[in-house]
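K.L.:
make a model of this:
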Amino acid sequence: MKIKIVNKGAEILSDAKYIYIGRPSILSNPFPTKYSKFSSLIYTHEKSMTMYLKYLEKQVLDNNPEIMKELKRIIK
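P.N.:
A predicted model of the protein is given here:
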């Protein structure tokens with residue numbers, strides 16, 4: 001199964017399977033695009049997604065048990 005990361009507001013194809021993994025999910029993007037009480041740093045959408053992809057790849061390569069458990073659960 002291929003995992004595609006899209007913005008919450010992205011157009012979604014009716015025949016595709018999507019799972020929302022936003023905050024506070026274990027798979028949520030830790031690089032915010034808006035100010036909040038949780039972070040004083042903000043990133044452009046493009047930078048946030050690029051950093052998130054690298055972050056998630058590293059979590060998988062490092063075999064992070066929480067991340068791997070959640071990925072296995074949603075890939076079923």
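K.L.:
just give me the longest helix of the protein.
P.N.:
Counting by DSSP state H, the longest helix found in the chain is helix 45-61.
K.L.:
tell me how many other residues crowd the nearest residue to Y55 once chain neighbours are set aside.
P.N.:
In this structure, Y55 finds its nearest non-sequential neighbour in P30, 6.6 Å apart by Cβ to Cβ, 6 or more residues apart in numbering. Where C-beta positions appear, they are placed from N, C-alpha and C, glycine not excepted. Look at P30: counted by other Cβ atoms under 10 Å, it has 12 neighbours.
K.L.:
ok, the residue nearest to H45 when sequence neighbours are not counted - contacts?
P.N.:
Nearest residue to H45, sequence neighbours excluded (Cβ to Cβ, 6+ apart): T33, at 5.4 Å. T33 makes contact with 42-45, 48, according to Cβ atoms under 8 Å, 6 or more residues apart in numbering.
K.L.:
can we see that at 10 Å?
P.N.:
With contact taken as Cβ atoms under 10 Å, 6 or more residues apart in numbering, T33 is in contact with 7, 42-49.
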